Structures are given as C-alpha cells and as structure tokens.
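S.K.: sequence-free structure coming up:
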C-alpha cells in the first residue's frame, strides 16, 4: 500500500522539486549575465559540468540495458542537443538579460500549452470534443496563450509589493527607453519555449526507441557541449569570453549544469516516459511564484501590472489543462482496469449467429483453457 502510494506521488514530487531548482537557476544565471558572463559560454560550461556528473552514472548503471546506438537514434540525439542545450538556452539567456528573472519564468509558463499543441500535431495527444476533459485542455491552452500575449503586449505601471512606493518620472522615462529591449527579450524567451517544447516531443519519441534515460541524458549533454562550442567559436572570436573565476559565473555554470541539465534531463525523461510531455511541463507556475519571491527579495526586481494579469491568465489556463489531463488519465486507467479484470476472470461471452438461426454463446475459461458452448434459439 505504501509503495503503491509512493509510486503515484513520485512524479509530482520530482516535478515540484525541479521547480525549486529552476527558480534558483533563473536568479543565479541573471546575476552572472549582469556581471559579464557570455551566454554562449554559459550554455557550454553548463553542459560540461552536466556531462561530468551524468556520464559515470550512465556507464555504471545502464551498462546492461543500454540499447545499441543506431544512426537514426544518433541523429535524434544531435537534434536534441541542438534544441535544448544550444537553441533553447541561448535564446532564454538573452531574453532573461533583456527582461527579468520573474518575467522570464512567467513567460516559460506557456510551455505546457505549446507542448500540448505540438503533441496534437505529432499525435501524442488527442482531442474529443464530446468529452469534457478534452474541451478543458483546449480551453486551458487558449487561456494560457492569451496570458502570454498580455504579458508580451502590455506592461502597465510598476507594482512594488515590498516597499509600496510609486513610480517616479525618472523611472518612467527609463522604462520607456527599455521597451524595445523588453519586447525583443520577450520574443527571445518565447522562442526558447518553442525549442524546449520541441525537445520534450522529440525526447518522448526517442525514449521509445532508446529506453535508457541516463545514457540519453549523457549523450544529449555531450552533444550540447560539441554543438555549443562550435557555435560559440563562430559567434565570439574573442577568446577572453571563456575565462571565468571563482565568482557568480562559475556558480551559475556549476549549479545549472548539475541541477538544471544533468538532474533535470534525467528526471524529466522518467516523468515524460511515464506520464507524457504535457504532464512533465505542467508545474511551471510553481517556479514562477518561487522566482518572483526570490527576484523581489534578492534582485529587487520590479513587477509590472501586465505581468501580474498575464501570469494569472497563464496559471488559470495551465490548471485547466492539468485538470483535463487528470480526468483523461483516470478515464484511461478505469478502462484499462476493466479490461484487465475481464482477462483475469476469463469470462468472455461473445454472441455468434450460426446457420440454424440460433445464437451461440461462447463462454471461455482463460485459466483452465476449457470452453462451454450454449445454443439458445433465436
């Protein structure tokens, strides 16, 4: 009973714990970027650390179950290495630098909605408008995307929860001058979310062909280092960008590499394999709340009214999607349980019409292999 309960709760605990890890990464990464850390280099160092941490575990724990790395699987690993370690993280770091940790973590909340849309396209999810849970998933996705649009197009006045001060004329001029950077940063974060959603979808397909989560995580990290290094050498000709000291830049690389690349890829892979990509992305509102609190306390970030309104829409939409997913899961579980009970009991009755215009009921005993045939006049 206890082990069964733990198995049910485990996916929730894993994803909730990851949100605390991501919240810390948002704050630490922003501090390192403000202190001159190059975002290309940060993405590379992050996966160097993740590779060092994950590879020994993959080699040791999955040496007997690791499938053969075929060319199609290798090409998928190459694509995974580009989608998340390179494209997603570099776009996100630029957007984070142009906006704020709180804002960026709020925009990331559209991840489940975009993942759901991609899952529909690739037939990992289905919609039946006769079922209320399917309608809830569609409505929730629409509300979530609407919230993201509000956050993108409307900023509004600054809401300072901690100090309660009003926005000064100087701050107003400064905010208007940064509006162009804010818009570009928002689009960068949204682009990173699309890449991340693509990573989840491709990861779900790849795990079906290569069911070794640790080994796949290690391969993705290695490919992220290779591809990220190549892109950094092309984009940044100054070799001094690779230098880091014992400061926030090193902390950002180590923390994000261990927690948000190594551990997160593995945990997300497990949950993705068990519950699907939409469930694995449905806990980001918790990260937004944690990041908002840390950003206001540690970084003294300013929160705009548009961000609050958009975040409320996103949370409502997300939990509408989650509610629909939970109802869909229960319906599928009950159907599977019914079929299992029928198979266990071995009582299958099928009406068959024969040539003598009588109905034959075939009652089969699956366990003993016996069968009784009863003829009833039509």
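M.R.: Right, received. Where do you want to start? Keep in mind that what you see is a predicted model, and the values were worked out from it rather than measured.
S.K.: For the stretch 101-250 of the chain, just list every one of the helices.
M.R.: Per DSSP state H, counting those that start in this stretch, the stretch 101-250 of the chain carries helices over the ranges 101-107, 111-121, 132-153, 169-177, 179-209, 213-235, 248-255.
S.K.: helices or strands up against the second one?
M.R.: Helix 111-121 sits against helix 132-153, helix 179-209, helix 277-280, helix 305-345, with contacts defined as 3 or more Cβ pairs under 8 Å, 6 or more residues apart in numbering; DSSP states H and E. For glycine as for every other residue, the C-beta is placed from the backbone atoms N, C-alpha and C.
S.K.: Chain neighbours aside, what residue packs nearest to residue 211?
M.R.: Ranked by Cβ to Cβ, 6 or more residues apart in numbering and with sequence neighbours excluded, the top spatial neighbour of residue 211 is residue 67, at 7.0 Å.
S.K.: Next up, phi/psi of that neighbour, please.
M.R.: phi -70, psi 170 (degrees, to the nearest 10).
S.K.: Highest mean neighbour count across the helices and strands packed on helix 111-121, which stretch is it?
M.R.: helix 277-280 (a mean of 26; mean count of other Cβ atoms under 10 Å).
S.K.: Now for residue 35: which residues touch it?
M.R.: Applying Cβ atoms under 8 Å, 6 or more residues apart in numbering to residue 35 gives the contacts 247-249.
S.K.: can you pick the most crowded of the residues you listed?
M.R.: Neighbour counts for these (other Cβ atoms under 10 Å) peak at residue 249, which has 23 neighbours.
S.K.: sorry, back to before: okay if I get the helices and strands packed on helix 111-121 as CSV plus mean pLDDT and distance to residue 116?
M.R.: Converted to CSV, these look like this (pLDDT from 0 to 100; distance: least, Cβ to Cβ, whole Å):
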stretch, mean pLDDT, distance to residue 116
helix 132-153, 80, 5
helix 179-209, 87, 9
helix 277-280, 70, 5
helix 305-345, 68, 6
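S.K.: right, and the ones you listed - which one's nearest residue 81?
M.R.: Closest to residue 81 of the helices and strands packed on helix 111-121 is helix 179-209 (Cβ to Cβ; 9.5 Å).
S.K.: quick revisit: quick one: the helices and strands packed on helix 111-121 as JSON lines, columns for distance to residue 62 too.
M.R.: Below are the helices and strands packed on helix 111-121 laid out as JSON lines (distance: least, Cβ to Cβ, whole Å):
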{"stretch": "helix 132-153", "distance to residue 62": "34"}
{"stretch": "helix 179-209", "distance to residue 62": "13"}
{"stretch": "helix 277-280", "distance to residue 62": "21"}
{"stretch": "helix 305-345", "distance to residue 62": "28"}
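S.K.: Which one of those lies nearest to residue 2?
M.R.: helix 305-345 (19.9 Å).
S.K.: what comes into contact with stretch 40-59?
M.R.: The contact list for stretch 40-59 (Cβ under 8 Å, 6+ apart) reads 29, 32-33, 66, 85-86, 89-90, 93, 212, 214-215, 217-218, 221-222, 224-225, 228-229, 231-232, 235-236, 241-242, 244, 249, 252-254, 256-258, 260-262, 265-266.
S.K.: Need the buried ones from these selected in ChimeraX.
M.R.: Only the buried entries of the contacts of stretch 40-59 go into this ChimeraX selection, using 16 or more other Cβ atoms under 10 Å:
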select :29,32,33,66,85,86,89,90,93,212,214,215,217,218,221,222,224,225,228,229,231,232,241,244,249,252,253,254,256,257,258,260,261,262,265,266
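S.K.: follow-up on the earlier one: run a quick neighbour tally on the residue nearest to residue 211.
M.R.: Quick note: residue 67 (other Cβ under 10 Å) scores 13 neighbours.
S.K.: repeat for the one 4 residues further on
M.R.: Other residues near residue 71 number 7, with proximity taken as other Cβ under 10 Å.
S.K.: how much space between it and residue 276?
M.R.: Per Cβ to Cβ, to the nearest Å, residue 71 is found 27 Å from residue 276.
S.K.: what's around residue 300, how many residues?
M.R.: Neighbour count for residue 300, taken as other Cβ under 10 Å: 10.
S.K.: Quick check: it vs residue 102, distance?
M.R.: Taking Cβ to Cβ, one finds residue 300 at 11 Å from residue 102.
S.K.: Now residue 68: phi and psi?
M.R.: Torsion angles, degrees, to the nearest 10, at residue 68: phi -70, psi 140.
S.K.: same question, residue 303
M.R.: Torsion angles at residue 303 (phi, psi; degrees, to the nearest 10) stand at phi -110, psi 130.
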